[in-house]
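Q: here's my sequence, what's the structure:
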Amino acid sequence: SSEVGSGSGAGYTVNVPWDGPGVSDGDFMAAFHYVILPIAKQFAPDLVIVSAGFDAAEGDPLGECSVTPRAFGHMTALLSSLGPLVLLLEGGYNLRVTAQSTEQCMRVLLGEAPTALG
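A: The predicted structure is shown next:
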């Protein structure tokens, strides 16, 4: 949480620390609405590139979080509002939930509305 970049990049790194495992859709959506999107809108990017890892997905043994594939679709939609968006699949250690999360993101990129959150 204290890393903010260094040298000429100082102030351009933003971290959202979590207290521990069990982070859920609501936590991620709040972080997007109250931290990530306001900063990103102020930055006004010409292109958004996301290293799309799904370690936070429910059922992933590494992240130990509870973020649903639907939430990843919503985050994709929110990031799409900033401008052109590129998602690069980076990982996830539960193949089923990684595939479901990737599908939700791809559907949004193809123009579908994100699936309603539970």
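Q: contacts and neighbour counts: CA atoms only from here.
A: Will do.
Q: can you tell me the SS state at the most centrally placed residue in the chain?
A: Closest residue to the average C-alpha location of the chain: Met75 at 5.4 Å, with Cα atoms, centre = their mean. Following DSSP: H, G, I helix; E, B strand; the rest coil, Met75 is assigned to helix.
Q: go on, Val16?
A: Val16 ends up coil, using three-state DSSP.
Q: quick check: it touching Met29?
A: No - counting by Cα atoms under 8 Å, Val16 stays clear of Met29, with 11.9 Å between them.
Q: quick one, which of the two is more surrounded?
A: Met29 (18 against 11; other Cα atoms under 10 Å).
Q: pull the contacting residues for the more buried one.
A: Ala71, Met75 (Cα atoms under 8 Å, 6 or more residues apart in numbering).
Q: can you give me how far the helix or strand encompassing it is from the chain middle?
A: Taking DSSP states H and E as the criterion, Met29 maps to helix 25-31. Remark: helix 25-31 is offset 10 Å from the chain centroid, using Cα atoms, centre = their mean, to the nearest Å.
Q: need the next SSE after that helix, C-terminal direction.
A: helix 37-43.
Q: what sits up against that following helix?
A: Counting by Cα under 8 Å, 6+ apart, Leu78, Leu79, Leu82 sit against helix 37-43.
Q: quick one: mean pLDDT for that helix?
A: Confidence for helix 37-43, expressed as mean pLDDT, is 94.
Q: list the buried ones in it?
A: By 16 or more other Cα atoms under 10 Å, the buried positions in helix 37-43 come out as Leu37.
Q: give the next helix or strand downstream of that helix.
A: The helix or strand immediately downstream of helix 37-43 is strand 48-53, counting by DSSP H and E.
Q: for that next one, packing partners?
A: With contacts taken as 3 or more Cα pairs under 8 Å, 6 or more residues apart in numbering; DSSP states H and E, strand 48-53 sits against strand 85-91.
Q: ok, the strand it packs on: who's next to it in the sheet?
A: strand 48-53 (parallel) (DSSP bridges).
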